[in-house]
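Asks: Provided below for reference: sequence and predicted model.
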Amino acid sequence: MAKPLKKLVSCVILDLDGTLLNTDGVVSEVLKGYLVKYGKQWDGRAAQRIVGKTPLEAAATVVEEYGLPCGKDEFLAELYPIFSAQLCNIKPLPGSNRLLKHLSAHGVPMALASNSPRGNIESKISYHLGWKDYFSVIVGGDEVIAGKPSPEIFLKAAKRLITEPSSCLVIEDSIPGVTAGKAAGMEVVAVPSVPKQAHFYTSADEVINSLLDLQPEKWGLPPFQDWIEGTLPTEPWYIGGPVIKGFGRGSKVLGIPTANLSTEGHSNLLSEHPSGVYFGWAGLSTRAVYKMVMSIGWNPYFNNAEKTIEPWLLHEFNEDFYGEELRLIIVGYIRPEVNFPSLESLIAKIHEDREIAERALDLPLYSKHKDDPYLKSSLHMECNHS
């Protein structure tokens, strides 16, 4: 069933850092290493305050938050070369390439509007095939008098696109960016890059969990045609480790026995993938390969303190298998993580997810991954040792 049209737009203006690129992960790694020289430990407490800021504003925030014995200019001058050396390691966020290819293929004009300096923007996108050609306009923070939350950067982008601001859709991850887009008279979709902050984005016209959830048709743009039987194929990704005891609520509260994985050592991988419900194949070291549906995130109904990985192996097991090696291949996406008004509605949705995953994994597109050596390498090792 088609979603109601929000407002017809003809152009899309995108932010770069935190919206298309996972810059925050690299920034955190750089700060983690840099602050050691001052005897400080980066704990991410300033992360929310620097999102969407100009480099100088972000530097001032970190200097103040950590009480560093240097000025913001000195801090930025020292950090900039270290960060620049890491530009090649910044990965696109899930859904970025898909969105840019889709809009480009349908001839939708696109602009990049970022608080970063123009040269910095061009350096970042140079590492991603085709990105430079996707954007007919790029506006950097050094090309305007005031960066976001001032609307100037978006108004300049619209002018260069030769279009009215009211015909533009802005896609942003930060509150300053959302504020700037609305002040420019544009429609704004927010994709918050800081977890559990969606309630702060009330001025946005829509708030989505990740770019995987964007529905261009809501804005009069061509719809994606790549969903298959309620699932979105993704590039396969891999994760594994011993099965640990979870919260004890899978079987007891939900009646759904999840095989939880420790998040230890997987922080980078978890930061790369948005919270939500995924599916794929699971290999247990001493058993076999099974269909699997899983949630990644904070489980809003239970309000987890940390991002968790909770796979549900779609098979009836007669006993627990704590400590066994579990390997997962994630091949597709089903839906974003959402809160539920009742435990019953949560359980019903989880069973609906199971049905979608069970059906989809019979499709050749997904079933071919069942034979991936990654799932069975431990099984073969076990056989060789016996």
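Replies: Cool, got the structure. Residues are numbered from 1 along each chain as shown.

Asks: Tyr290: what secondary structure?
Replies: What DSSP: H, G, I helix; E, B strand; the rest coil gives for Tyr290 is strand.

Asks: in the stretch 251-386 of the chain, which spans are strands?
Replies: Ranges of strands in the stretch 251-386 of the chain, per DSSP state E, counting those that start in this stretch, are 260-261, 276-284, 289-297, 308-313, 325-335.

Asks: how about these in TSV, adding mean pLDDT?
Replies: Output for those, formatted as TSV (pLDDT from 0 to 100):
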stretch	mean pLDDT
strand 260-261	80
strand 276-284	95
strand 289-297	92
strand 308-313	87
strand 325-335	95
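
Asks: can you list those strands in JSON lines and add mean neighbour count?
Replies: (C-beta placed from N, C-alpha, C; glycine too.) Putting the strands of the stretch 251-386 of the chain into JSON lines (neighbours: other C-beta atoms under 10 Å) gives the following:
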{"stretch": "strand 260-261", "mean neighbour count": "20"}
{"stretch": "strand 276-284", "mean neighbour count": "25"}
{"stretch": "strand 289-297", "mean neighbour count": "23"}
{"stretch": "strand 308-313", "mean neighbour count": "23"}
{"stretch": "strand 325-335", "mean neighbour count": "23"}
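
Asks: what about the stretch 201-350 of the chain, any weak spots by pLDDT?
Replies: Regions of the stretch 201-350 of the chain meeting the criterion pLDDT under 70 cover residues 246-255, 299-305.

Asks: could you redo the last one with a cut-off of 50?
Replies: For the stretch 201-350 of the chain, the stretches flagged by pLDDT under 50 are 247-253.

Asks: parallel or antiparallel, which strands does the longest strand seen in the chain pair with?
Replies: Determined from DSSP state E, the single longest strand within the chain is strand 232-244. Within its sheet, strand 232-244 is paired with strand 260-261 (antiparallel), strand 325-335 (antiparallel), according to DSSP bridges.

Asks: kindly reformat the strands of the stretch 251-386 of the chain as a markdown table containing distance to Thr163.
Replies: Below are the strands of the stretch 251-386 of the chain laid out as a markdown table (distance: least, C-beta to C-beta, whole Å):
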| stretch | distance to Thr163 |
| --- | --- |
| strand 260-261 | 47 |
| strand 276-284 | 33 |
| strand 289-297 | 37 |
| strand 308-313 | 43 |
| strand 325-335 | 32 |
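
Asks: for Gly71, find the nearest of those.
Replies: Among the strands of the stretch 251-386 of the chain, the nearest to Gly71 by C-beta to C-beta is strand 289-297 (39.1 Å).

Asks: need the contact partners of that closest one.
Replies: The contact list for strand 289-297 (C-beta atoms under 8 Å, 6 or more residues apart in numbering) reads 270, 273-284, 304, 307-315, 328, 330, 334, 337, 353-354, 356-358, 361, 370, 375-376.

Asks: parallel or antiparallel, list what pairs with that strand.
Replies: According to DSSP bridges, strand 289-297 has these partners: strand 276-284 (antiparallel), strand 308-313 (antiparallel).

Asks: now do the SS call for the residue nearest to Leu35 when sequence neighbours are not counted.
Replies: Spatial nearest neighbour of Leu35, chain neighbours left out: Trp42 (5.1 Å); criterion: C-beta to C-beta, 6 or more residues apart in numbering. Assigned with three-state DSSP, Trp42 falls in the coil class.

Asks: give me the pLDDT for Trp42.
Replies: For Trp42, the model assigns a pLDDT of 79.

Asks: who's in contact with it?
Replies: 28, 31-32, 35 are the contacts of Trp42 under C-beta under 8 Å, 6+ apart.

Asks: ranking by neighbours, what's the top pick from the residues you listed?
Replies: Taking other C-beta atoms under 10 Å as the neighbour criterion, Leu31 ranks highest of the contacts of Trp42 with 23 neighbours.

Asks: just the element for that one, please.
Replies: helix 23-34 (DSSP states H and E).

Asks: list the buried residues of that helix.
Replies: 23-31, 34 (16 or more other C-beta atoms under 10 Å).

Asks: circling back to that earlier point, list the buried residues in the longest strand of the chain.
Replies: Buried residues in strand 232-244 (16+ other C-beta under 10 Å): 232, 234, 239-241, 243.

Asks: spatially nearest residue to the one residue sitting closest to the centre of the chain, not counting backbone neighbours?
Replies: The chain has Pro274 as the residue nearest its centroid, 3.8 Å off, counting by C-alpha atoms, centre = their mean. Leaving aside its sequence neighbours, Pro274 sits nearest to Ser210 (C-beta to C-beta, 6+ apart; 3.5 Å).

Asks: OK, contacts around that neighbour?
Replies: Taking C-beta under 8 Å, 6+ apart, we find Ser210 in contact with 93-95, 191, 274, 276, 336.

Asks: at 7 Å instead, please
Replies: When the contact criterion is C-beta atoms under 7 Å, 6 or more residues apart in numbering, the partners of Ser210 are 94-95, 191, 274, 336.

Asks: just the buried residues from the residues you listed, in PyMOL please.
Replies: PyMOL command restricting these to the buried ones, with burial defined by 16+ other C-beta under 10 Å:
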select buried, resi 94+95+191+274
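
Asks: what about Ala288, neighbour count?
Replies: The number of residues packed near Ala288 is 11, by other C-beta under 10 Å.

Asks: among the strands paired with strand 289-297, which is nearest Leu87?
Replies: In terms of C-beta to C-beta, the element of the strands paired with strand 289-297 nearest to Leu87 is strand 276-284, at 27.8 Å.
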